[in-house]
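S.K.: the following block contains a protein sequence and its predicted model.
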Amino acid sequence: INVQVLEPYDKTQHLRIFDFSGRLCFEHMLDPGVNFQQIPIDLKDGAYVAQIRLGKITVFTQKLVVNR
């Protein structure tokens with residue numbers, strides 16, 4: 001998965017991916033101050049919700065579809 005942060009923070013952000021039942025399927029700490037990262041994931045085909053969190057605040061949410 002490619003993650004681009006237009007305004008990178010100097011604090012650590014967390015990428016979290018949930019399935020539609022709300023189960024956490026993947027979590028990764030993003031490097032502070034970096035605006036583009038490629039993160040390998042291994043998820044089954046299906047629809048997910050990707051979130052980027054800064055502390056307890058969700059700063060980004062998007063639907064993610066995995067189809068190989």
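M.R.: Structure received. The model shown is predicted, which means the values in this text are computed figures rather than measured ones.
S.K.: contacts only, for the most centrally placed residue in the chain.
M.R.: Nearest to the geometric centre of the chain sits L15, at 3.1 Å (Cα atoms, centre = their mean). If you count contacts by Cβ atoms under 8 Å, 6 or more residues apart in numbering, L15 has them with I1, V3, F26, E27, H28, M29, L30, I39, A50, Q51, I52. The way it works is simple: take the backbone N, C-alpha and C, and place the C-beta from them, glycine included.
S.K.: quick check: bridge partners of the second one?
M.R.: According to DSSP bridges, the residues that bridge with V3 are Q37.
S.K.: number of nearby residues for it?
M.R.: Residues lying near V3 (other Cβ atoms under 10 Å) number 18.
S.K.: from V5, how far out is I57?
M.R.: Taking Cβ to Cβ, to the nearest Å as the measure, I57 falls 14 Å from V5.
S.K.: these two: which has the busier surroundings?
M.R.: Neighbour totals were compared for I57 and V5, and V5 leads with 18 against 8 (other Cβ under 10 Å).
S.K.: what's the closest non-adjacent residue to the more buried one?
M.R.: In space, and not counting its chain neighbours, V5 is closest to N35: 5.0 Å by Cβ to Cβ, 6 or more residues apart in numbering.
S.K.: can you list the weak-confidence ranges in the protein?
M.R.: By pLDDT under 70, the low-scoring segments of the chain are 8.
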